[in-house]
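*Asks:* A structural model of the following input is requested.
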Amino acid sequence: MISSLILTTLAAPAAALPQADAPTAIAVDRLHVGDGKVLENAVILLQDGRIRSVAQGAAPSGALHVDGAELTPGLVDAYSLMGVGSNTVEESRETTAGMPLLQALRLDHPSFRRAAEQGVTTAFLTPDSLNAFGGLAAVVKTQGGEPADLYAEPGSAAQVLNAAAALKISLGNDVAYRNHAPRRNPSDYFSRRPTTRMGTVWTLRRDFYRAATYAQQRARGEVEADADLDAIAKVLSGELPLRIHARRNNDIQTALRLAEEFQLKQVTMEEATEGHKAAALLAAAGVRVVAGPGYDDLQRSIARGPSIADLRMVLDPPVVCCEDLHDESFLAEMACRDPFCKQVVRGADQPAALYHEAERNEFGMAVDPDDPGPGHDHDQSVVDPATGLVQPKGLALDLLTLFQPRYATGLNIGRRGEGDTSTPALPAILHAAGVHAALGSAEAHDQPLSESSLIHQARLAVRYGLDPQSALSMVTSHAAVSCGMGERVGRVAAGLDADLVLWSGDPLDPASRPLLVLIDGRIAVDNRN
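*Replies:* Just a heads-up that it's a prediction; the model follows:
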């Protein structure tokens, strides 16, 4: 079964974030509750990581207050790929329903920190879309977990809230990507079905029926446990929510037919790029939608990747030093490695002085004054004396970085092929039709560009016709409900987690930025200075 075993063994224990200066009372001129309500002159009292009370009135003595600042719940990213990467789906078979995404997540990936800096405190992490049944999604908080890095700040990794938050299935081009019909003696796992949309639907229906039969046999003790069929059976019984990844209008309608055929009870559609064409059908079926990321041009359909400088850092990182910095002989050695100080004569009585003589770059590395630097002709590669292999450098390294995998593969190839009829007005159209909609940023937080962040998705939705409070609800309370966390996060209300964002102004103003981000009542990001 999916189970308590998964939940207890995979859920990372929460570690305490730094508590210095953590407020117990916050007074704001304007509070966005998260459910569409706005309160003026609000006072929020915090206790033990939760919201104790919310009231209107004068600020109590000692309350945190910033003139002109506005408060919202922590943002909830209802469709994210933070820490997921491009190699988290087992492609050797099309049904991997029992595999928890959490087993392959990087919970201390830098994207979680970037998301927190943009006000995101909770995220629904979805598996890649290359399998018909992709596995079990997870819900995390962007800080509060124990990092794997020995030198990282305690509590800086993502904190797992639910290791089996939903089962992911996919429709469209992604599932058949690279597959081909078996011929002769197949030697790779792409020699398989499905190879078409029809084949994908056949695979899904086959395993739904298998799971229904399995559940009956399992109840009678006739079969052994099967993790994949257990997960699918829990969806059929309504115990486990279902996420359906679909972009095209025909795929959305196929998803609705599957939901009706198998009487699926907790269904949320991911992306729904052409959901504006099927908005009335989605509303009538009571299916939730997590739209996003919004874009108004196909060339913007994938968040821009990291810069060349970022990728060079990954492929050719600087020397990191270390536990021996207290050793004066080590400092002298760092300062006087050729060719940085050829003219300096080392002396046992002046190691510290030698250390300061060497010019350092932003990474703490000694800078060679004879190095022509970027923009000059110089060797583009070097030979590693240990292996004899050529190590790329300069332009060669830059070209190599362009071919490094960045995002979940299915999204990369799928959105390009299925996003040509998208509209940034999708959230407004869904809202007008009565669809319970939320917003997600997908891979946007995998790089540091704030114009791709979750709050940007809400701002873009307002620009294309959605009213501001509904836009905020789509990244707070509505998003929390879509993630199964509506009773814990997404609103500023008594008893909920103290996940809060203090903005420098109206959160939907492009000039506004987070001044303070609290997760479980503790300061995760502080930009007040």
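*Asks:* check what pLDDT G172 gets.
*Replies:* G172 carries a pLDDT value of 85.
*Asks:* what about it, how many neighbours?
*Replies:* 26 (other CB atoms under 10 Å). C-beta coordinates here come from the backbone N, C-alpha and C atoms, glycine included.
*Asks:* spatially nearest residue to it (excluding sequence neighbours)?
*Replies:* D251 (4.9 Å; CB to CB, 6 or more residues apart in numbering).
*Asks:* shouldn't the one you found be in contact with R197?
*Replies:* Yes. Under the criterion of CB atoms under 8 Å, D251 makes contact with R197 at 7.3 Å.
*Asks:* about what we covered before: ok, now which ones touch the residue nearest to G172?
*Replies:* 171-172, 197 (CB atoms under 8 Å, 6 or more residues apart in numbering).
*Asks:* which of those residues sits closest to A255?
*Replies:* Nearest to A255 out of the contacts of D251 is L171 (CB to CB; 6.0 Å).
*Asks:* what is the burial count for the closest one?
*Replies:* 24.
*Asks:* give me the distance between the residue nearest to G172 and V54.
*Replies:* For D251, the distance to V54 (CB to CB, to the nearest Å) stands at 42 Å.
*Asks:* what is the mean pLDDT for stretch 44-54?
*Replies:* pLDDT averaged over stretch 44-54 gives 95.
*Asks:* show me the contact partners of it.
*Replies:* Counting by CB under 8 Å, 6+ apart, residues outside stretch 44-54 touching it are 23-28, 31, 33, 39, 42-43, 71, 492-498, 500, 518, 520-522.
*Asks:* looking at the residues you listed, which are in strands?
*Replies:* Under the assignment DSSP state E, the contacts of stretch 44-54 contribute 25-28, 31, 39, 42-43, 71, 500, 518, 522 to strands.
*Asks:* for the residues you listed, give me a markdown table that also has distance to R113 and neighbour count.
*Replies:* Listed next are the ones in strands among the contacts of stretch 44-54 as a markdown table, based on distance: CB to CB, whole Å; neighbours: other CB atoms under 10 Å:
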| residue | distance to R113 | neighbour count |
| --- | --- | --- |
| A25 | 27 | 18 |
| I26 | 23 | 25 |
| A27 | 28 | 21 |
| V28 | 25 | 26 |
| L31 | 26 | 24 |
| L39 | 30 | 18 |
| A42 | 29 | 22 |
| V43 | 30 | 20 |
| L71 | 22 | 25 |
| L500 | 18 | 24 |
| L518 | 15 | 25 |
| R522 | 15 | 21 |
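*Asks:* can you pull the buried residues of the stretch of helix or strand K234 belongs to?
*Replies:* Taking DSSP states H and E as the criterion, K234 maps to helix 227-237. Residues of helix 227-237 classed as buried by neighbour count (16 or more other CB atoms under 10 Å): 227-236.
*Asks:* can you check stretch 259-267 too?
*Replies:* 259, 262, 264, 266-267.
*Asks:* so which of those residues are in strands?
*Replies:* Using DSSP E, the buried residues of stretch 259-267 in strands are V267.
*Asks:* which two from the buried residues of stretch 259-267 end up farthest apart in space?
*Replies:* F262 and Q266 (12.2 Å).
*Asks:* quick one: low-confidence ranges for this structure?
*Replies:* 1-21, 86-88, 178-193, 295-417, 419-420, 449-451 (pLDDT under 70).
*Asks:* which residue ranges make up each domain of it?
*Replies:* Domain assignment for the chain, taken from automatic domain parsing, gives 4-13+75-305+409-491, 308-401.
*Asks:* W202 versus the closest residue to T121 other than its chain neighbours, what's the distance?
*Replies:* Among residues not flanking T121 along the chain, G74 sits closest, at 2.8 Å (CB to CB, 6+ apart). In this view, G74 and W202 are 42 Å apart by CB to CB.
*Asks:* ok, now Q56?
*Replies:* 58 Å.
*Asks:* which one of these two has more residues nearby?
*Replies:* More neighbours surround W202 than the other of Q56 and W202, with 14 against 10 (other CB under 10 Å).
*Asks:* now do the helix or strand containing the more buried one: which elements does it pack against?
*Replies:* Under the criterion of DSSP H and E, W202 resides in helix 197-219. Helix 197-219 makes packing contacts with helix 173-176, helix 227-237, helix 249-261 when contacts are defined by 3 or more CB pairs under 8 Å, 6 or more residues apart in numbering; DSSP states H and E.
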